[in-house]
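1. Structure for this input, please:
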Amino acid sequence: QVQLVESGGGLVQAGGSLRLSCAASGRIFSNYAMGWFRQAPGKEREFVTSISWSGDTTYYADSVKGRFTISRDNAKNTVYLQMNSLKPEDTAVYYCTASPSAFAIRNNRTDSWGQGTQVTVSS
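-> Residues are numbered from 1 along each chain as shown. The predicted structure follows:
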């Protein structure tokens, strides 16, 4: 199993930007697709985005398409989530995840999770 540690969360005003990072250790990072989920208070965890091991394939939830960008650096064992034009409804704990397939992550078939990082967007 791969170990995941998220960072980069914080408080930002609506319209602002944040970049989250997820550092991986354990199994070979480049063998894994990576992704991000989020969970707002009182709501279920939801898919945000995923990226294939090569970086060639990405998936995005409709709610973040055009505003968020996922990327990865296999040399640094790190995946990033650039979040622009943030909205108050983006407020949530963001979780990094790893799986053999970006498509599987999009369909919530993943079982390696980080501890989460809080993102709060004020209006």
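
2. And the residue nearest the centre of the chain?
-> Trp36 (2.4 Å; C-alpha atoms, centre = their mean).

3. buried stuff in the strand or helix carrying that one?
-> Using DSSP states H and E, Trp36 sits in strand 33-39. Residues Ala33, Met34, Gly35, Trp36, Phe37, Arg38 are the ones in strand 33-39 that count as buried (16 or more other C-beta atoms under 10 Å). Where C-beta positions appear, they are placed from N, C-alpha and C, glycine not excepted.

4. Tell me the one among those nearest to Ile105.
-> Gly35 (3.7 Å; C-beta to C-beta).

5. just to revisit the earlier point, the residue nearest to the centre of the chain touches Tyr95, doesn't it?
-> Yes - taking contacts as C-beta atoms under 8 Å, Trp36 lies within contact range of Tyr95: 6.9 Å.

6. re earlier: report the beta-bridge partners for the residue nearest to the centre of the chain.
-> Judged by DSSP bridges, the bridge partners of Trp36 are Thr49, Cys96.

7. Give the full set of residues in contact with it.
-> Contacts for Trp36 were tallied using C-beta atoms under 8 Å, 6 or more residues apart in numbering; they are Leu20, Cys22, Val48, Thr49, Ser50, Ile70, Val79, Leu81, Tyr94, Tyr95, Cys96, Thr97.

8. Can you tell me how far it is from Ser123?
-> 23 Å (C-beta to C-beta, to the nearest Å).

9. now do Pro41
-> 16 Å.

10. tell me what the helix or strand of the chain with the lowest mean pLDDT is packed against?
-> One helix or strand of the chain scores below all others by mean pLDDT, DSSP states H and E: strand 112-113, with a mean of 91. Using 3 or more C-beta pairs under 8 Å, 6 or more residues apart in numbering; DSSP states H and E as the contact test, the elements touching strand 112-113 are strand 3-7, strand 92-99.
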